[in-house]
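> coords below, sequence missing:
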């Protein structure tokens, strides 16, 4: 399968918050995703697809349809493979290989059985035994699950996503199959709010949220046109021009991943975050936790080992807008400092 | 994967939730918990963490149904067939997750495919109801569970056994489980019957104290950074909790309760108008568990007081659902504010429009009072002059009224039938013809090409031995045409709601528009939860306008509603025509759709089409509209209640064959009752 050349991430003009949110999620997958809201034609989908460029590499067990890690998930591997093949896999060292983190796209029209996995028909007919055919959630484990136009997703698919996004486990109890496997994914969605809002419950599952609007500045608009045309004419050459920049981003991501566990949070910052969330008025505690992690990730991306107030300020812009408690039908807040002032 | 679960004892706050879960762990007779609360409040975390703390129970080693060795009469088919007594071992009570997308065969159990192919025998592959016997059946987002699965769970919970009669199997096995569910009420409520199956109910909110919130953050961060270290840190606390639960469950059989306390319980239940007797039983069992956890063998009043609120919360009947939380939090309070809090708005209205209001009052008082029930139309001349005067006054200026208080609307839905539809939404349940929607069950194939693979295979499995002898296929399973089963899928579709709003000057009087907008907004909120398509038509001056073509963006409708200007005459006929057009277009696009049209008007038509007489014209049109049986109409009469009424909206409703109610009825509970008792 030949990979189509994608528009390089580094070549995207403007939309800094969106790019930042995506990068933060690559550095720290526990931020649980980003929702990109905005008008059509603002580079939402382009940016997500371009991520492939700058994603780091991970170790994956060979021949494992569940994309499990050879370090932490041996146990799960044994369980899954036993359920899959009916016999325990050979113990001892597992073969593994390195590959880039994957972006798995969930099309809006996907059926439930393809999303969660289902009975493998071919196997059943040939061998006369039952076997699971893993679905998209298995493929997206440790990667990015990307839903374009997430607000148009069928309700029952959303329910499934809610279920597994929360616990990082996908449980299949359908069509004679009883099975569960790890499914930790970064949920990335794009949507155009004109087409309808997301359910609050799903909204809350996205760690970060950014609003994108068209670039207003003349020069940047010209630059966007130029780059797009150049890319369409000769994708390979165009991409090559940005190789260095892409490599730079990838490198700083790798570095940030190393720094992250060392980042310290000054005692006062915890209270600061909690106060922020209380003032703005959010449901539950997910906002606090994600905000803390985002601030830490920001510090790590900046190669600092201590969280500063400005990290918290930026984090609040990313974490809180879609979590401010609101009556349904009320618009999602765009400016978080204003919301804070109002309360 | 074992360290992936956040430890129970590391959860900060949420005492009620933890207590309720511990009670269940100690005494299964408590019957489970439903946890209601906003998102992100450790609901699911706590339930999943509980799994490691449950007491151990004896089971047969080879029994897939989790039979209790001490109750021989309840043995499952496997245990009955056993010749020798099998080994007994102790294991924790199971926690079985019932995912939202489960299919019937996995919940109740279905034919074991592997065995059927290999040996040609029909054996039940136990489902989740078997696995959760003597343990916990856990449903996350329980309010989103499909009705047909709920039915299965309910019937098993009621009988204490699961009876499988399908795919040539006839098996019955014991299935007594505790139901534990978590839900976010924002997404909809549970069926009352289902709700009653949960022994306890806990309502939780987030911690409001900065210090506590900071502690939560710290713990979660520590957990995510290094799960093993975190578990080590809490290993001792976890072991203690587990021990105390095990000890309490051993003590439980010796816990006694005095008869006098039973009177206390009965009184508590009577005070709250509790239906049925489950509450009494649950309180007694929970109180015993509470005493056992405290290491006592005698139930005290304190035990009962501690557990009663949890058992009564969802069974109290003096208030409308949802049950009020014991310590209401901010948001709940706001939602539950009854619309009687309208006065401030009305006062504002008074200040804005005093002349008009007085005027209307006088005119109505002065006019000849036709009795409201009068069948004959009042002569046009009699009713038009005052209207026109009023119109003249108000039509000079367009006004925009604010949106009145909104409230919760009860179910408006079309009856489920056997028509197959396409679409998506949450209002009405329907069978769907597309290959979309939840796979509900299967049936022998007739014409669909949506083959239920699993059912087909199960169907064919028992015959494999015979077929292989005949044929020479190298496939392991040989399918024949008669094996084929097709899927029956079901999903909720949103309806199409068309709002036809009278925006003439007469609606501006007496704050009618404010109340009407409030009512429309409430219906829109309802539409939002049900994923309906909405459209809005308004009529005023000389014409009807499509303010909003059919869209799923209810937000857009809400915005437009807020900005809707009012003023001018009342071209009711034009509104009806426009409505007919919209409905026809919608039906052409999707013939199986059943639109619901809501007229919000006082019915005082005073502009006709092409100069015809306004009222008779409108009534005739209405009659013609009513001929299409696919369309449901609702008329909301905005005319003020009083001695003098024209009752024209009532006649409109009659001619349309519509449900009719007055705008005053729209307020909160009344509307709830009206729509609830109505069979759509």
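Received, thanks. Everything quoted here is computed from the prediction, not taken from an experiment.
> OK, contacts around residue B:217?
Residue B:217 makes contacts with A:270, A:273, A:274, A:285, A:288, A:289, A:292, as judged by Cβ atoms under 8 Å, 6 or more residues apart in numbering or on different chains. Backbone N, C-alpha and C define where each C-beta goes, glycine included.
> Give me the three-state assignment for the residue of the stretch 1-150 of chain B found nearest chain A.
Ranked by Cβ to the nearest Cβ, the top residue of the stretch 1-150 of chain B for proximity to chain A is residue B:40, at 2.4 Å. Assigned with DSSP: H, G, I helix; E, B strand; the rest coil, residue B:40 falls in the coil class.
> With residue B:489 instead?
At residue B:489 the chain is in strand, as set by three-state DSSP.
> Other residues contacting stretch A:261-272?
A:292, A:295-296, A:299-300, A:304-307, A:309, A:312, B:210-211, B:214, B:217-218, B:221, B:225.
> For residue B:264, identify the helix or strand it belongs to.
helix B:259-271 (DSSP states H and E).
> On the pLDDT front, check the closest residue to residue B:167 other than its chain neighbours for me.
In space, and not counting its chain neighbours, residue B:167 is closest to residue B:111: 4.4 Å by Cβ to Cβ, 6 or more residues apart in numbering or on different chains. Listed pLDDT for residue B:111 reads 81.
> My guess is residue B:111 contacts residue B:461. True?
Yes. If you go by Cβ atoms under 8 Å, residue B:111 and residue B:461 touch, sitting 6.7 Å apart.
> Residue A:241: which of the contacts of residue B:217 is nearest?
residue A:292 (38.4 Å; Cβ to Cβ).
> Secondary structure element holding the closest one?
Counting by DSSP H and E, residue A:292 is found in helix A:286-301.
> right, and the helix or strand after that helix?
Where DSSP H and E defines the elements, the next helix or strand beyond helix A:286-301 is helix A:309-319.
> Any buried residues in that next one, and which?
A:311, A:312, A:314, A:315, A:316, A:317, A:318, A:319 (16 or more other Cβ atoms under 10 Å in any protein chain shown).
> And stretch A:60-70, by the same measure?
Buried residues in stretch A:60-70 (16+ other Cβ under 10 Å): A:60, A:61, A:64, A:65, A:66, A:67, A:68, A:69, A:70.
> Return the subset of those lying in helices.
Among those, no member is found in helices (DSSP state H).
> and the residues you listed, which two are the farthest apart?
Farthest pair in these, by Cβ to Cβ: A:65 and A:70, 14.9 Å.
> Now for the residue of chain A at minimum distance from chain B: which residues touch it?
Taking Cβ to the nearest Cβ, chain B has its nearest neighbour within chain A at residue A:284, 2.4 Å off. When contacts are counted by Cβ under 8 Å, 6+ apart, residue A:284 touches A:204, B:37, B:38, B:39, B:40, B:41, B:206.
> What's the local residue count around the closest residue to residue B:244 other than its chain neighbours?
The shortest distance from residue B:244 to any non-neighbouring residue, by Cβ to Cβ, 6+ apart, is to residue B:293 (6.7 Å). By the criterion of other Cβ atoms under 10 Å in any protein chain shown, residue B:293 has 23 neighbours.
> Check the gap between residue B:293 and chain A for me.
27 Å (Cβ to the nearest Cβ, to the nearest Å).
> With adjacent residues omitted, what lies nearest to the residue of the stretch 451-600 of chain B found nearest chain A?
Distances between the stretch 451-600 of chain B and chain A by Cβ to the nearest Cβ are smallest at residue B:476, namely 3.2 Å. Leaving aside its sequence neighbours, residue B:476 sits nearest to residue A:128 (Cβ to Cβ, 6+ apart; 3.2 Å).
> ok, now residue B:89?
residue B:61 (5.4 Å).
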